[in-house]
Every structure is written in structure tokens, then in C-alpha cells.
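In: Just need the structure, nothing else, for what follows:
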Amino acid sequence: MPMRRRQLGIMVLGSLWAISTPTAEAETSPGRVNLRGWVPVDLFSRLGRDPLTTLELTGPFVLERQPFPGGTWRLHVHHQQLFLTGPGQPRRYQGSLWLQGGELRSPSGERQRYRGLLQIRPEAADQMRLINWVELEEYLWGLVPSEMPPDWPAAALQAQAILARTLALPYLQPRLGVDLPEGSRLRDSTADQVYGGLTYETAATTAAVRSTQGQILIDPRDGQPIAALFHSTCGGHTSANQDIFAPPAHPYLQGVVCEWCRDSPFYGPYTVQVTATDLEQALGSSDLQVVQSDPWGRPLRIRVGSRIWDGQTFGLRLGQTLGWGILPSNRFTLEQPPEGSRQYSFTYRGAGHGVGLCQWGSRGIAEQGYTAQHILNHYFPGVRLTQTR
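Out: Next up, the predicted model:
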């Protein structure tokens, strides 16, 4: 999972828009992590390679300190300038815009609302980027129900909230910013954490966030936040982080038995057929062989033609090209096609990368009456739950 100043105020259209923001305090000792600040989140990151060129806005909202009433406006970008059309006179803007309130229609047609501020930034010639600057706890209000069903047990929701807060810490900015480099913002998709904003908030998940406010997981060796990895369904056992991703090995991410995710619809085993033609389209070759797997059946090295790929790259390329439902888990076996056939069989268990917390497993543990801390201690043995400022 990927992780990550400017002075107070933001230059917008040549004028200084002063915004009161929390000031970050220096960390005073190991384990004392400051949670004050803003989380920048790239919105609509699920679009992947499809650029965002137009955006529909429904009022009331405030754009560039100017209130707009109810009604619908269309914002589009051309030659790195933003044009707003709708009721009243068309408007043209240069540089980033700042939006508060209102409702957006996403490229998929879904209506979305977000807390905090939206930075609308023109990029390239005819593209725009949306960044939601939101305070950490409010970010979690819109994240937890996007990652976990709100009718799941409270302990599972609380465990998810603590993990999500821990994962977001490297991205916290003490003040609103304009020109953060790539990698300094969270994405609202499974590339980081799924985040639906205000539209997705529920009473149960907000209660889970509030009841764990300020709680994160730290590595007792250095007092720093852990690598907070999680996935949908492990299928019976999680794996070591250095095997699935890359070194260094974390002692709290070396794989544990999970007997509680059997109710997951992904538990399996399931077998899917993929044609040689589809494999050639996705991978460049249908000559495949699993060279090495970890003890729990997750391929670590796969020969694709004359090249050796790691298991994560293999699964990502299949998903990006053929659809994420084709092979939702990296725990699978590969059966070569019989003579005269061009159908390959993949038999898989689970869903996701298989490292860290198993979400369906956390549900099962919670249903037995255990607490969020018990859940987290199982999937991250040796870590410490700490209360931060």
C-alpha cells in the first residue's frame, strides 16, 4: 500500500484567502503522534487512465468565497482554464478553485457530497483533479462505511477505524496546501482506502470512529505507526508482508491463522476459466508457470513467457485489463489447459492481497463477542494500541 507545506492561507486568483487551520505540533516522544491537520484525498481515483474533464455541481455551495444558490452548474477545463456555466453569466477561472458544500455528480453518475474543502485543479491541457482537504476524524466518518458494511458488529467497525486512522497518518498536512507532489495524497479507491465522503456516512460507523478517537497502532520497537494493511478475505491464513509486497519484514505482519472468514462470499475455493487470448491481451503471453508460492498458496513468482513476475504484479495486470472480478484473490493455483484447449483454470480462495487484517475475519471474531483490541492483536501480534492527541 502506498503511503505519505505551505504558509497559512492559499493564493487563489491572485488574492490571499486566509483560512484558519490547526497548527501541527512537534512530536515530543516516541508513541506521541500528533493527529491534528488535514488529509488530502484524490477523488475519483478509480477512473484510472480516464481523465476527469467535466464536473456537474448542484448548489447551494461556496466557490471562491462566492455563494451560489440552488441550481446546477457545469465546470469544464480547456487549455488549463476552468469554465463554469449554468444559471447566470458564464465564468472563467485561472488556477485552482476552492469549493465548499454542494453536491457533485461523479463521472459514474453517482451524486457525492464531501466535508471540508474541495480543491479543483486544472492539469494538462483538458484535465482536472479533485482533492478533498478534510480533517482526519471527518475523513474517517466517510471512509469506514465505504470499507465495511455499517451493520457489521461494532468491534469490527472500531478495528477498521483504528487501522484507517493509522494508515492515514503519513498523509496528514498541518495546513492546507496547493502543490503537494504525487504520493503525498491518499486516493479514494482500493489503491489506498475506499472513501465515499459525506454521502456514505452512517450513524453506526460514525459512532465507531468517535468511540476510538485518537487511537492508532504503533510498533513498540520505535513508537511509530505500523504498516496498517488490510484486505477483504484471507481464505484461512494471512501472509507475510515481505513476501507479497517488499522488504523490510515487519514482525507483526508474518501471517496468522484465520478461522473466522468462512462466511465471506469470497471464501471459496472457486474456479474461473480464462482463455489464452485473454491472457495474451493482459500479460503479453499465455505461457504461464507458477515458480514459487508461499506456504499458504499465494504465488510469489510466476513465469510469463520468458519473464518472471511477482504475484502482485500478475494479479494487478489481470485485473486492470480483464476486470477485477476475474481473479479477486492472490491466493490461487493455475491449471494448464488440456491438449487441444485454450482454457486455463484458476482456482482461488479469498479476496485481496492477504496481508494484515482480514475484514471478514474481523467480523467473525467480533460476532464471538471479542473487542476491537482483541481483533487487532490477533492480526498484528506484538503491536501496541495507543491513545494520541
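In: ok, which stretches of the stretch 1-150 of the chain are helices?
Out: Assigned by DSSP state H, counting those that start in this stretch, the helices in the stretch 1-150 of the chain fall at 136-147.
In: quick one: low-confidence ranges for it?
Out: Residues of the stretch 1-150 of the chain meeting the criterion pLDDT under 70: 1-35, 46-50.
In: which non-adjacent residue is nearest residue 277?
Out: Closest residue to residue 277 apart from its sequence neighbours, by C-beta to C-beta, 6 or more residues apart in numbering: residue 342 at 7.0 Å. Every residue, glycine included, has its C-beta placed from N, CA and C.
In: Could you check how far that neighbour is from residue 276?
Out: 4 Å (C-beta to C-beta, to the nearest Å).
In: repeat for residue 112
Out: Counting by C-beta to C-beta - residue 112 and residue 276 are separated by 40 Å.
In: With neighbour numbers in mind, choose between these two.
Out: It is residue 112, of residue 112 and residue 276, that has more neighbours when counted by other C-beta atoms under 10 Å, with 21 against 16.
In: got a list of what the more buried one touches?
Out: 43, 103-106, 196-197, 199 (C-beta atoms under 8 Å, 6 or more residues apart in numbering).
In: Test of understanding: give the bridge partners of it.
Out: Assessed by DSSP bridges, residue 112 has beta-bridge partners residue 104.
In: how many other residues sit next to residue 135?
Out: With other C-beta under 10 Å as criterion, residue 135 counts 18.
In: surely it meets residue 116?
Out: Yes. Assessed by C-beta atoms under 8 Å, residue 135 is found in contact with residue 116 at 6.5 Å.
In: Residues that sit against both of those two, list them.
Out: Between them, residue 135 and residue 116 share the contacting residues residue 38, judged by C-beta under 8 Å, 6+ apart.
In: ok, back up a step: what separation do you get for the residue nearest to residue 277 and residue 279?
Out: 9 Å.
In: and the angle for the longest helix anywhere in the chain with helix 136-147?
Out: Secondary structure assigned by DSSP state H gives helix 154-168 as the longest helix of the chain. In terms of direction (axes from the mean of the first three to the mean of the last three C-alpha atoms, to 10 degrees), helix 154-168 departs from helix 136-147 by 120 degrees.
In: helices and strands around the very next helix or strand once past helix 154-168, which ones?
Out: Per DSSP states H and E, the first helix or strand lying C-terminal to helix 154-168 is strand 186-187. Counting contacts by 3 or more C-beta pairs under 8 Å, 6 or more residues apart in numbering; DSSP states H and E, strand 186-187 is packed against strand 38-42.
In: what's the closest residue in space to residue 219 that isn't next to it in sequence in contact with, if anything?
Out: Among residues not flanking residue 219 along the chain, residue 226 sits closest, at 5.3 Å (C-beta to C-beta, 6+ apart). By C-beta under 8 Å, 6+ apart, the contact list for residue 226 reads 166, 217-219, 250, 252, 380, 383.
In: With residue 272 instead?
Out: 326-327, 345-346, 348.
In: Let's see which of these end up in strands.
Out: 345-346, 348 (DSSP state E).
In: What is the nearest of those residues to residue 139?
Out: Using C-beta to C-beta, the shortest approach to residue 139 within the ones in strands among the contacts of residue 272 belongs to residue 348, at 32.3 Å.
In: before we move on, could you check phi and psi at the closest residue to that closest one other than its chain neighbours?
Out: Take residue 348 and drop its neighbours on the chain: the residue closest to it by C-beta to C-beta, 6+ apart is residue 332, 3.9 Å away. Main-chain dihedrals, residue 332, degrees, to the nearest 10: phi -150, psi 160.
In: What is the neighbour count of residue 332?
Out: 27.
In: Residue 86 now?
Out: Neighbour number of residue 86 under other C-beta under 10 Å is 17.
In: Distance check, the closest residue to it other than its chain neighbours against residue 126.
Out: Excluding its sequence neighbours, the residue lying closest to residue 86 (C-beta to C-beta, 6+ apart) is residue 73, at 3.3 Å. In this view, residue 73 and residue 126 are 18 Å apart by C-beta to C-beta.
In: Neighbour count for the two, which is higher?
Out: Each of residue 73 and residue 126 has its neighbours counted (other C-beta under 10 Å); residue 73 has more, 20 against 16.
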